[in-house]
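Curious how this folds, go ahead:
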Amino acid sequence: GHDDQTLAAEALEAGAQDYLVKGQADSDALRRAVRNAMLRRRLERKLALNEARFHDFGSANSDGWFWEMDAQLRFSWFSPNTQQAIGRSPDAILGQRREDIAQVPDDEKEIWASHLADLAQHRVFKQFEYRIALPNGDDQWLSISGVPIFDAAGGFGGYRGTGTNITRRKRTDDELHRNERILAAAIQAVGEAFALYDDADRLVYCNEQYRAMYATSADLLVPGATFEHIIREGARRGQYPQAIGNVDAWVAQRLALHRASNQSIIQRTDKGRWLRIIERKTADNHIVGFRMDVTELYQAKEAAEAANVAKSHFLATMSHEIRTPMNGVLGMAQLLMMPNLPEAERLDYARTILNSGQTLLTLLNDILDLSKVEAGKLDLEARAFEPAQILHESRLLFAEAAANKGLTLTDHWLSQTQHYLGDTHRLRQMVSNLVGNAIKFTSQGAIQVEARELEGGATSAQVEFAVIDSGIGITPEQQAQLFQPFSQADSS
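Okay, the predicted model is just below:
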């Protein structure tokens, strides 16, 4: 009837082309056919919509695409935008394996072996990166992820996944790494210790010179370690002599200077080195620090300061040494001006003036000699002499002074008698100074002045002069001052 024809028309419109209208058609069967046809129609429309979405998504992502592989791991399908994404025609890749189109350098073979093992075991993989070559010779970096496909019976059917062109990111990373290497090389070439801390005061980078300067805490100098942790642990290990016994106070003071980063400081390390520290903040609150080894400069400064102190003591001593004979000259001269002096007293006063003048002359000559030595202009004379004669003269010169203190003074030449060439004036000065000191610092006993030839040749010889006494000797601390300018063990 009319209703059957209406249902048939709806079924035909819904896609039931194979339905034939019959007068005696069963209405229930017709309804079922209509429902099935309408359901198929909806599924087809949904499928078409999904295909349109899939195409649009693929086209909208210029760096990404979709792909499929068959059970033999050969490419079997690519999304329409693949050529745009990777720069190669999919037709040239279909039927090939991934390793057939990739560039596999020696340093990436281990990574590829792991990836191929994933494929062989039908495992999911994510963001596997590899390179392919374009026809023009350019490289393209690709990152792919995939999942295995299995049929209803569990049989392996291949892989399906996504891909992304990461060439721009790789090139950016390579450029960044290249710039980092250039910066690191430049920092190393500067030759000074360098460190960089971020805005949270965590170590970002330090060079080998920095590690060498802080060898005691070198294992703490790792990226991410905080400045406070590094110096606190270093202080506990005794790296900073100033922090011994007051670690917390020292760390607090050092942190304040570090975070202010507006001045230079001098720091001493446990290795006996002195470091100049310069720290400054960048616009993004990073802290850049340099360490310069100023040990030699600092030691020279300390030596200069010590020399100035010693020079002051020396000048004070020399002033005393000069005033004593000068007072003798002035006093005796005043006495000589008195009338009616007996001849004996006059001669005694004149003799005192003469001795005081000779003492003054000796002091002035010594000072002049010292100035010449410092200026490098002291010339040594070469005169023939016998060492035994110098020893004999020195003993005679101090015989009375030694006898007055009850000391025995002897001299001995311990080698064969012969002549040498040398500066006899300087030799007499040195021997006299040594004998004079021996008498001064020996209260009882004996003093022996001796010399010997240690080694000799046709044109040169080495002769040793020695003064041996039973006095108080020289302490190790005083021995360390020997041959230093403006130094005396005793200034009395």
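
Quick one: mean pLDDT over stretch 225-235.
The average pLDDT for stretch 225-235 rounds to 95.

Correction: the previous question concerned stretch 263-274.
89.

Now do that stretch: distance from first to last residue.
Stretch 263-274 has an end-to-end distance of 17 Å (criterion: CA to CA, to the nearest Å).

what's near enough to touch residue 207?
Contact analysis of residue 207 by CB atoms under 8 Å, 6 or more residues apart in numbering lists 184, 187, 188, 193, 194, 195. All C-beta spots, glycine's among them, are computed from the backbone N, C-alpha and C.

residue ranges of the strands in the stretch 301-450 of the chain, please?
With DSSP state E, counting those that start in this stretch, the ranges of strands along the stretch 301-450 of the chain come out as 383-385, 408-413, 420-422, 446-456.

Of these, which is nearest residue 169?
Nearest of those to residue 169, taken as CB to CB: strand 446-456 at 78.1 Å.

helices or strands next to the closest one in the packing?
helix 387-404, strand 408-413, helix 424-440, strand 461-469 (3 or more CB pairs under 8 Å, 6 or more residues apart in numbering; DSSP states H and E).

Return the set of buried residues in the longest one.
Neighbour-count burial for helix 387-404, with 16 or more other CB atoms under 10 Å as criterion, is recorded at 387, 388, 390, 391, 394, 395, 398, 402.

between that helix and strand 461-469, how many degrees?
Helix 387-404 runs at 10 degrees relative to strand 461-469, counting by axes from the mean of the first three to the mean of the last three CA atoms, to 10 degrees.

roughly how far is helix 387-404 from the heart of the chain?
How far helix 387-404 lies from its chain's middle: 61 Å, per CA atoms, centre = their mean, to the nearest Å.

okay, the angle between that helix and strand 408-413?
180 degrees.

could the buried residues of helix 387-404 go into CSV alongside pLDDT and distance to residue 252?
Listed next are the buried residues of helix 387-404 as CSV, based on pLDDT from 0 to 100; distance: CB to CB, whole Å:
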residue, pLDDT, distance to residue 252
387, 93, 67
388, 92, 71
390, 88, 66
391, 91, 67
394, 85, 64
395, 88, 68
398, 83, 64
402, 90, 64
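
mind giving me TSV with those residues and columns for distance to residue 303?
Below are the buried residues of helix 387-404 laid out as TSV (distance: CB to CB, whole Å):
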residue	distance to residue 303
387	36
388	41
390	35
391	37
394	34
395	39
398	35
402	38
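
Closest to residue 115 out of these?
Among the buried residues of helix 387-404, and counting by CB to CB, the member closest to residue 115 is residue 387, at 91.5 Å.

Just give the nearest non-adjacent residue to residue 85, would you?
residue 65 (4.5 Å; CB to CB, 6 or more residues apart in numbering).

let me fix that: residue 285
Per CB to CB, 6+ apart, closest to residue 285 is residue 199, 4.0 Å.

hang on, that neighbour in a strand?
No. Read with DSSP: H, G, I helix; E, B strand; the rest coil, residue 199 is coil and lies in no strand.

Check the contact between it and residue 282; I expect there is one.
No. Using CB atoms under 8 Å, residue 199 is not in contact with residue 282, being 9.1 Å away.

shared neighbours of these two, which are they?
Counting by CB under 8 Å, 6+ apart, nothing touches both residue 199 and residue 282.

dump the residue contacts of the residue lying closest to residue 466 once chain neighbours are set aside.
Nearest residue to residue 466 in three dimensions, chain neighbours excluded: residue 450, at 5.5 Å (CB to CB, 6+ apart). Each residue near residue 450 by CB under 8 Å, 6+ apart is listed here: 391, 411, 412, 413, 414, 465, 466, 468.

ok, now residue 355?
Here residue 355 is in contact with 325, 328 (CB under 8 Å, 6+ apart).

Nearest to residue 301 among the helices and strands packed on strand 446-456 would be which one?
So among the helices and strands packed on strand 446-456, helix 424-440 is nearest, using CB to CB, at 31.3 Å.

Please put the alpha-carbon coordinates of that closest one into PDB.
Only the C-alpha atoms of helix 424-440 are listed here, as PDB (Å, rounded to 0.1, in the frame of the first residue of the first chain):
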ATOM      1  CA  THR A 424     141.300  41.700  51.000                       C
ATOM      2  CA  HIS A 425     139.400  44.800  52.300                       C
ATOM      3  CA  ARG A 426     136.000  42.900  52.000                       C
ATOM      4  CA  LEU A 427     137.500  39.800  53.500                       C
ATOM      5  CA  ARG A 428     138.900  41.700  56.500                       C
ATOM      6  CA  GLN A 429     135.500  43.400  56.900                       C
ATOM      7  CA  MET A 430     133.600  40.100  57.000                       C
ATOM      8  CA  VAL A 431     136.100  38.400  59.300                       C
ATOM      9  CA  SER A 432     136.200  41.400  61.600                       C
ATOM     10  CA  ASN A 433     132.400  41.500  61.800                       C
ATOM     11  CA  LEU A 434     132.200  37.800  62.700                       C
ATOM     12  CA  VAL A 435     134.900  38.000  65.300                       C
ATOM     13  CA  GLY A 436     133.400  41.200  66.800                       C
ATOM     14  CA  ASN A 437     130.000  39.500  67.100                       C
ATOM     15  CA  ALA A 438     131.600  36.400  68.600                       C
ATOM     16  CA  ILE A 439     133.300  38.400  71.300                       C
ATOM     17  CA  LYS A 440     130.100  40.400  71.900                       C
END
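
pLDDT below threshold where in the protein?
1-27, 29-30, 50-63, 320, 324, 370, 373-376, 378, 483-492 (pLDDT under 70).

ok so, going back, which two among the buried residues of helix 387-404 are spaced furthest apart?
Farthest pair in those, by CB to CB: 387 and 402, 20.3 Å.

any idea how far residue 91 lies from residue 72?
Applying CB to CB, to the nearest Å, the value for residue 91 to residue 72 is 19 Å.

which residues in the stretch 201-350 of the chain form helices?
Using DSSP state H, counting those that start in this stretch, the helices of the stretch 201-350 of the chain run over 208-213, 227-236, 247-260, 295-336, 343-375.

For the shortest one, which outside residues touch it?
Contacting residues not belonging to helix 208-213 are listed as 188, 191-195, 218, 221, 269, 273, 275, 291, 293 [CB under 8 Å, 6+ apart].
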